[in-house]
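Q: sequence below, structure please.
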Amino acid sequence: MASSKNRTSTTTGTGPAKHTEPAATGEPGTPERAVAQRAAPERPPRRRAHTRERLLDAADRVLVERGYAQTTIEDVCAAAGYTRGAFYSSFGSKQDLVLALFDRHSARRLNRLEGLLRDATPGSARRMARKLLTIDPAERGWILLFLEFRLDAARSPQLSAKLQVHDRAVTDALALLLEQARPGTPGRDSVAVRNLASFLLAACEGVLARTAPEGPESKEALNAAVDILATMLPTLLPGLEHEDATPAP
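A: Below you'll find the model as predicted:
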């Protein structure tokens, strides 16, 4: 184990180099962990950010492939080429790592939604509804991971509280996008817009959960949900118009 004064990189066999950070020994919440975290010198912000991003990238691959329950901190460290000490200098637990992943993933989805709203034209309600509700094959693992994590949080008040912080942040960000997309005076109906954002997120999450298994029933449920949302969107977001085109087969 590297001393707290030096950082070294070691390579074992053909695997990725293990980047050793000031080691944090002991399990979370133990005196050993607390002492190690106090004793470890502060890393430069740029290096800390680089380590965090590499761990997030590795966790993105491993968690989607194996699932939340089957993935360990050691799995993520091995995929990123870091030690447990490096992990605990960036994240307090596997739960915190997953929540950080959710934050990053939600930010990307909101950026895509912002583009959809910016480019929305009369008659685009159905296209927008389908884009909001359709699971891209590349994101199916993400949906399953999120559902697994949310079920786990339902059994843990502490984790549930952390997830609620994430949910509030995403709801607030979506409400801001919707408010900017609505004509009229910004902020005039801020409560109504936030309720709309909360409803859309809950509805989309439910539809994604229903359609994640794939198959004929999932396609039928998706088409029904697209029909309903396409009818609602022009009312919720004036400026869009519902298309009377038949659903995609």
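Q: what is the least confident helix or strand in the chain?
A: The weakest-scoring helix or strand in the chain, judged by mean pLDDT, DSSP states H and E, is helix 31-39 (a mean of 38).
Q: please, which helix or strand holds the spatially most central residue of the chain?
A: Computing the C-alpha centroid of the chain and ranking residues by CA atoms, centre = their mean puts Phe102 first, at 2.0 Å. Element membership for Phe102, per DSSP states H and E: helix 94-118.
Q: for that helix, what is the distance to the chain centroid?
A: Here helix 94-118 is found 5 Å from its chain centre; the criterion is CA atoms, centre = their mean, to the nearest Å.
Q: would you mark the buried spots in the helix or strand following that helix?
A: Remark: after helix 94-118, the chain's next helix or strand is helix 125-133, criterion DSSP H and E. By neighbour count on 16 or more other CB atoms under 10 Å, the buried set for helix 125-133 is Ala125, Arg126, Arg127, Met128, Ala129, Arg130, Leu132, Leu133. C-beta coordinates here come from the backbone N, C-alpha and C atoms, glycine included.
Q: closest to Ala221 out of those residues?
A: Leu133 (9.6 Å; CB to CB).
Q: quick one, what contacts Leu201?
A: Asp167, Val170, Thr171, Leu174 (CB atoms under 8 Å, 6 or more residues apart in numbering).
Q: most surrounded residue in those?
A: The residue in the contacts of Leu201 with the most neighbours, by other CB atoms under 10 Å, is Leu174 (22 neighbours).
Q: distance of it relative to Val193?
A: Using CB to CB, to the nearest Å, we find Leu174 at a distance of 9 Å from Val193.
Q: picking up where we left off before, angle of the helix holding Phe102 against helix 125-133?
A: Counting by axes from the mean of the first three to the mean of the last three CA atoms, to 10 degrees, helix 94-118 lies at 170 degrees to helix 125-133.
Q: for helix 94-118, packing partners?
A: Using 3 or more CB pairs under 8 Å, 6 or more residues apart in numbering; DSSP states H and E, the elements in contact with helix 94-118 are helix 45-66, helix 73-80, helix 125-133, helix 140-154, helix 157-181.
Q: just the buried positions in the last one, please.
A: This points to helix 157-181. 159, 162-163, 166-167, 170-171, 173-179, 181.
Q: state the next helix or strand along the chain beyond the strand or helix carrying Glu205.
A: Assigned by DSSP H and E, Glu205 belongs to helix 190-211. Downstream of helix 190-211, the first helix or strand assigned by DSSP H and E is helix 216-236.
Q: quick one: low-confidence parts of this structure?
A: Within the chain, the segments meeting pLDDT under 70 span 1-45, 183-189, 238-249.
Q: try 90 this time
A: Where the chain drops to pLDDT under 90, the residues are 1-49, 106, 108-144, 146-147, 174-197, 199-223, 225-226, 228-249.
Q: would you turn the buried residues of helix 125-133 into CSV with distance to Asp119?
A: Listed next are the buried residues of helix 125-133 as CSV, based on distance: CB to CB, whole Å:
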residue, distance to Asp119
Ala125, 13
Arg126, 15
Arg127, 10
Met128, 10
Ala129, 15
Arg130, 15
Leu132, 14
Leu133, 18
